[in-house]
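Q: Give me a 3D structure for the following:
(chains A and B, ligands or ions: 2)
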Amino acid sequence: MNAIVEWFTDPANWTGPDGVPTRLGEHLFYTLLALSIAALIAIPIGLWIGHTGRGGFAVVSLANSLRALPTFGVLVLLANSFGIGLAPPIVALVVLAIPPVLAGTYAGVQAVDRAIVDAARGMGMGEREILTRVELPNGLPLIIGGLRSATLQIIATATIAAYVALGGLGRYIIDGLSVRDFAEMAAGSILLALLAIVTDLVLAGLQRALVSPGLRPAQASRPRPRRLRAVA
Amino acid sequence: MIEFRGVTKRFPDGTVAVDALDLTVADGCVTVFVGPSGCGKTTSLRMINRMIEPTGGTILIDGADIMAGDAARMRRGIGYVMQQAGLLPHRSILDNIATVPMLLGWSKARARARAAELMEIVGLAPETARRYPNQLSGGQQQRVGVARALAADPPILLMDEPFSAVDPVVRESLQDELLRLQAELGKTIVFVTHDIDEAVKLGDKVAVFRQGGHLAQYDEPGHLLARPADDFVDGFVGRDRGYRGLGFRSHRLPLGELTTTSLGSPAVGNGAWTLVVDDASRPQGWCARRDGADGTAVTAEHLVPGGTLYDVTSGSLRSALDAALSSPSGQGVAVAGAGRVVGSVSADDVLAALASARAEEAAA
Ligand SMILES: Nc1ncnc2c1ncn2[C@@H]1O[C@H](COP(=O)(O)OP(=O)(O)OP(=O)(O)O)[C@@H](O)[C@H]1O
Ligand SMILES: [Mg+2]
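A: Ligands and ions are numbered 1, 2, ... in the order given. Prediction:
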């Protein structure tokens, strides 16, 4: 326990290329990169199959079979074929993130009440307007839910980047393991957990900001009387 | 004008929901489609704005085939109100109403200004503008649905059982409101319901459908009640149709004398009952003879509530008969202008008037 505290209080661990800020930055970079690519692929596909109802079964089955792929195995395979570099771990993480994002988006659009879509069409919205102005905003809670679970999985799994000689918080765990520095390994794990918690809180905030108040349970969104603030 | 010419809808599963329908909906009128469940009312209505495409025949709006041109664009020119208002849950009430103007490319400010105007027209409090659909009652949601359909001022309004999900009291006020709006706006309204009372109340013309999308009778509501075309219509129009039919007959009624008094004065006259009126001679209630016979002043405790009032300007025999039947004295109170008492009507007078109205019709 003391050793872990010591690790955290050692100023040497907070600077330089192996310092916490750098590693944290790298980890965040891998996460955001993989998440963005996964979202760019999975959200449009999810929206489309959710809207048309066509190919849903095939795509969801495919996504589920992706889930069964061991991420570490994918990484080793890619590293063997394409060599060391950023691409193999990012691709492995994208493969990991696509299923939850795709499933969330598809489910979000599917779950929008068909009567609402029918009303939108009856008012003269075209298919594109129905998708972007009705199904997307109404499916947003589930879509963001899919992004949140993908993000958590990416953060936890991005440690594998360290196996192919890249950075990120995984470095502490792998380097610590190789020299049997358990304090360093523990510190790496703690940082990872903290990063996951903070990121999820940020995404939860984003969800609150983006999802229309009309989609919250009616009671919670009734405008509350504004409290008088004391003049400081 | 909306014309159905031999319109048929056969669904892919083989169900023929509408079979060779010929019908013309006149401009500026409320036309009601009524009939038992599953008889093809919704299908007929939704074919007008191409939410369902006919498999045979043609539908013309002002002489133009609806199948020419872009469906979404033509729907923007036709107001559509559904049973469950179908409001967009993620948009505020104001933005829900502004939907079609925004689709038509109006500026946000202009669309919202128009939406605010419509909220007032349909009787929605301004403070509901910022709320979301899940924070409104069913009745309020239906008002929003009507406002939304009217927002871009379309000449045609399609309404599919818009008031069937609210309680009878709210339904009645929404119906009255619609009639008031229609008197102002003069839209071409096609209204679907399975409630014959609603149909005869709202319709300038009523189309009674029978199973399989066949038109059983297409007539003015008064004629429908007086002369059902066949047993099916007779059965559908219902038991009280004779009484309800009186609502569509108006005839001049001889008004009887009515002795009145006011609070604080003694009851007068020879009858058993005296009508108590206020300063503007509006009816307050009835006072029984024994309570004021000794010349003591009539007080509020003596008042017995009156029945319904017969408005002579409407001339409806149904309201005259109801006024007579619901009055404790048997004398229906006839009012005019600002609710001023002008005389009395009796059930016998109404029946006599009915007889002479019939005689006149037979002679004509
Ligand atoms: N998409 C569809 N596929 C197959 N059959 C359908 C479809 N929609 C409606 N029908 C059938 O067509 C017939 C007419 O349906 P429609 O919805 O027009 O009835 P309705 O008069 O509006 O009835 P209700 O008063 O219950 O609303 C019914 O028998 C119904 O089952
Ligand atoms: Mg229907």
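
Q: Quick check: phi and psi at the closest residue to A:Gly145 other than its chain neighbours.
A: Counting by C-beta to C-beta, 6 or more residues apart in numbering or on different chains, A:Gly145 lies nearest to A:Gly104, which is 5.3 Å off, once chain neighbours are set aside. Any C-beta I mention is one placed from the backbone N, CA and C, and that applies to glycine too. Main-chain dihedrals, A:Gly104, degrees, to the nearest 10: phi -60, psi -40.

Q: One more: B:Ala297?
A: The phi/psi pair for B:Ala297 (degrees, to the nearest 10) reads phi -70, psi 150.

Q: about what we covered before: what's the residue nearest to A:Gly145 in contact with, if anything?
A: Going by C-beta atoms under 8 Å, 6 or more residues apart in numbering or on different chains, A:Gly104 touches A:46, A:142-147, A:149.

Q: Just the buried residues of those.
A: Buried members of the contacts of A:Gly104, counted by 16 or more other C-beta atoms under 10 Å in any protein chain shown: A:46, A:142-147, A:149.

Q: where exactly do the helices run in chain B?
A: Along chain B, counting by DSSP state H, helices occupy B:41-48, B:71-76, B:93-97, B:99-103, B:108-121, B:138-150, B:168-185, B:196-202, B:221-226, B:231-237, B:241-245, B:289-292, B:317-326, B:347-363.

Q: before we move on, what about chain A?
A: A:2-9, A:20-52, A:56-68, A:71-82, A:87-110, A:114-122, A:127-129, A:136-157, A:170-178, A:182-210, A:218-221.

Q: now the angle from the third one to helix A:20-52?
A: I take that to be helix A:56-68. Inter-element angle recorded for helix A:56-68 and helix A:20-52: 160 degrees (by axes from the mean of the first three to the mean of the last three C-alpha atoms, to 10 degrees).

Q: List the buried residues of helix A:56-68.
A: Neighbour-count burial for helix A:56-68 [16+ other C-beta under 10 Å]: A:56, A:59-60, A:63, A:66.

Q: between these, which is nearest B:Leu87?
A: Nearest to B:Leu87 among the buried residues of helix A:56-68: A:Gly56, at 26.9 Å, using C-beta to C-beta.

Q: Grab the nearest non-local neighbour of the closest one.
A: Here the residue nearest A:Gly56, using C-beta to C-beta, 6+ apart, is A:Ile49, at 4.8 Å.

Q: With pLDDT added, can I get the buried ones among the contacts of A:Gly104 in a markdown table?
A: Shown next, in a markdown table, are these (pLDDT from 0 to 100):
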| residue | pLDDT |
| --- | --- |
| A:Gly46 | 94 |
| A:Leu142 | 95 |
| A:Ile143 | 95 |
| A:Ile144 | 95 |
| A:Gly145 | 95 |
| A:Gly146 | 95 |
| A:Leu147 | 96 |
| A:Ser149 | 95 |
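
Q: Pick the one among the residues you listed closest to B:Ala216.
A: When the buried ones among the contacts of A:Gly104 are compared for distance to B:Ala216 (C-beta to C-beta), A:Leu142 comes out closest, at 47.3 Å.

Q: Relative to ligand 1, how far out is B:Val170?
A: 20 Å (C-beta to the nearest ligand atom, to the nearest Å).

Q: Could you chop chain B up by domain?
A: Domains of chain B are assigned by automatic domain parsing as B:2-248, B:260-356.

Q: Could I get these in CSV, plus columns for mean pLDDT and mean neighbour count?
A: Listed next are the domains of chain B as CSV, based on pLDDT from 0 to 100; neighbours: other C-beta atoms under 10 Å in any protein chain shown:
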stretch, mean pLDDT, mean neighbour count
domain B:2-248, 93, 19
domain B:260-356, 83, 17
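
Q: I figured the residue nearest to A:Gly56 was touching A:Gly55, is that so?
A: Yes - using C-beta atoms under 8 Å, A:Ile49 makes contact with A:Gly55 at a distance of 5.2 Å.

Q: between the two, which one's more packed in?
A: Looking at A:Ile49 and A:Gly55 with other C-beta atoms under 10 Å in any protein chain shown, you find the greater number of neighbours at A:Ile49, namely 21 against 12.

Q: Contacts only, for the more buried one.
A: Applying C-beta under 8 Å, 6+ apart, the residues near A:Ile49 are A:55-56, A:59, A:106.

Q: Tell me how far it lies from chain B.
A: Distance from A:Ile49 to chain B, counting by C-beta to the nearest C-beta, to the nearest Å: 21 Å.

Q: which ones are touching the spatially most central residue of chain A?
A: Centroid-nearest residue in chain A: A:Thr151, 1.9 Å away (criterion: C-alpha atoms, centre = their mean). Contacts here follow C-beta under 8 Å, 6+ apart; on that basis A:Thr151 touches A:31, A:35, A:97, A:199-200, A:203.

Q: And the pLDDT at it?
A: Note on A:Thr151: pLDDT of 96.

Q: Look up how far A:Tyr163 lies from it.
A: According to C-beta to C-beta, to the nearest Å, A:Thr151 and A:Tyr163 sit 21 Å apart.

Q: likewise B:Glu172?
A: For B:Glu172, the distance to A:Tyr163 (C-beta to C-beta) stands at 74 Å.

Q: okay if I get the helices of chain B as a markdown table plus distance to B:Leu60?
A: Compiled in a markdown table, the helices of chain B are given as follows (distance: least, C-beta to C-beta, whole Å):
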| stretch | distance to B:Leu60 |
| --- | --- |
| helix B:41-48 | 10 |
| helix B:71-76 | 12 |
| helix B:93-97 | 30 |
| helix B:99-103 | 23 |
| helix B:108-121 | 29 |
| helix B:138-150 | 22 |
| helix B:168-185 | 23 |
| helix B:196-202 | 24 |
| helix B:221-226 | 25 |
| helix B:231-237 | 27 |
| helix B:241-245 | 33 |
| helix B:289-292 | 66 |
| helix B:317-326 | 37 |
| helix B:347-363 | 35 |
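
Q: related to what we said a few turns ago, quick one: which of the contacts of A:Ile49 is nearest B:Ala229?
A: Relative to B:Ala229, and with distances defined as C-beta to C-beta, the nearest of these is A:Gly56, at 49.3 Å.
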